[in-house]
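> Sequence first, then the predicted structure:
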Amino acid sequence: MIADNKIKRPVAVRFKDVSFSYGPMQVLTDVNFHIHHGDFIALVGPNGSGKTTILKLLLNLEKPDSGRITLFEGIPSGSRDHIGYVPQHADYDSAFPITVREVVRMGRLKSLSRRFSRDDEKSVLEAMNLSGISDLAGRSYSALSGGERRRVMVARALASSPLLLILDEPYANMDMESEDRLYKTLETLKGNTTVIIVTHDPAFVSSLTDMVLCVGEQTAAGCARTVVLHRTEPSSDTPYTLYGGKAARVRHNEKLTDASCCQEVKKK
C-alpha cells in the first residue's frame, strides 16, 4: 500500500549557474540541473557539444569559470573518491602481462602504498560477478574482445563501491551479447547507485533512464551552449539491437525546468 507521505532523496549532483570556457571560446553558460541519488541519467548531445566538458567538471579535471558544482548533498560519506568512471577509450600496453582480476583490483587502489584487504578482494569478486565476467578472471586482459574489455572496465569502476557511476559511450563498438550483459548489470544498479550514461544518440536512450540532460542547445542569445532537461516516453518500434529492445524516445519538444524534475518519491 502506498502512503500519502513523501520522502526527499539526497542530491548526488548539482550544477548551479555553471559557466565554462576554453580561453575566448564559451562552452557552457548558466547550466542548472540536479540529479538525485539512485537516478539513471542519460547525457546526450552531438560531438563537440560539451558532454566531455561536463564530465571533466564532474571529475574535478576542470573548474567552472562561475557557478558552483556540489556532489553528494546529504550523504555524509560521499566524496569524489566515490565516483566510478568508465572512459570511452582505455589505453593500455598490449604487451603488459595483466589478468582481468588484476585490472578489476585497480578499482580498489586509493594509493600505491596500501595493501589489499579481505574487504578489497570481496569487492573485486562482487564486481566481477555483477558484471558477468567471473569466468574471465584469470584471462589476459589483452586477449579479450572490445566488448569484454568494456565490461572489465565497468567491473573496475564497480569495485570501488561508487555512489556515482559515469559511463562514457559504453555501448560504442560493443557486440550484442556484451551490450545485453551490460544492460542487465546497469538494471541491477538502478535505484541504489546514481548512473550517468553519456551518448551521442539524441533520439533514443535506455528505458532505464529517468531524465535526459541534452547538451549543446544554444542559449537565447545564441552565443553559447547550455543543458536542457527532457523526459522520455516508451517506444515500441525500436529494433531489438537497440538497448536489447528496451529503448525510450527522448521528448525533445518538452523542456523541463530544474525544479520540475522528480524530486520526491512516495514511501511504500
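It's in.

> For P170, list the residues it contacts.
86, 150, 154, 182, 197 (Cβ atoms under 8 Å, 6 or more residues apart in numbering). Placement of C-beta: from N, CA and C, glycine included.

> let's see 10 Å
By Cβ atoms under 10 Å, 6 or more residues apart in numbering, the residues touching P170 are 86-88, 150-151, 153-154, 178-179, 182-183, 186, 197-199.

> End to end on stretch 69-83, go ahead and measure it.
End-to-end span of stretch 69-83 (Cα to Cα, to the nearest Å): 14 Å.

> Which parts of the chain belong to which domain?
Domain assignment for the chain, taken from automatic domain parsing, gives 6-78+164-266, 95-162.

> This protein: helices as residue ranges?
Ranges of helices within the chain are 51-58, 100-105, 118-131, 146-158, 176-189, based on DSSP state H.

> hey, which of those helices is tucked in deepest?
Across the helices of the chain, averaging neighbours per residue (mean count of other Cβ atoms under 10 Å) puts helix 146-158 on top, at a mean of 23.

> same question for that one, mean pLDDT?
Averaging pLDDT along helix 146-158 gives 89.

> Who are the packing partners of it?
In terms of contacts (3 or more Cβ pairs under 10 Å, 6 or more residues apart in numbering; DSSP states H and E), helix 146-158 is packed against strand 83-86, helix 100-105, helix 118-131, strand 164-168, helix 176-189.

> redo that, cut-off 6 Å
When contacts are defined as 3 or more Cβ pairs under 6 Å, 6 or more residues apart in numbering; DSSP states H and E, helix 146-158 sits against strand 83-86, helix 100-105, helix 118-131.

> How much space separates the closest residue to R139 other than its chain neighbours from G107?
Distances taken as Cβ to Cβ, 6 or more residues apart in numbering put V100 closest to R139, at 5.5 Å, once the chain neighbours are dropped. Per Cβ to Cβ, to the nearest Å, V100 is found 12 Å from G107.

> go on, V198?
Distance, V198 to G107, by Cβ to Cβ: 19 Å.

> Please apply the same query to E169.
Distance of E169 to G107, computed by Cβ to Cβ: 20 Å.

> the more surrounded of those two?
G107 (21 against 18; other Cβ atoms under 10 Å).

> ok, now which ones touch the closest residue to that one other than its chain neighbours?
Nearest residue to G107 in three dimensions, chain neighbours excluded: A159, at 3.3 Å (Cβ to Cβ, 6+ apart). Counting by Cβ atoms under 6 Å, 6 or more residues apart in numbering, A159 makes contact with 104, 107-108, 123-124, 127.
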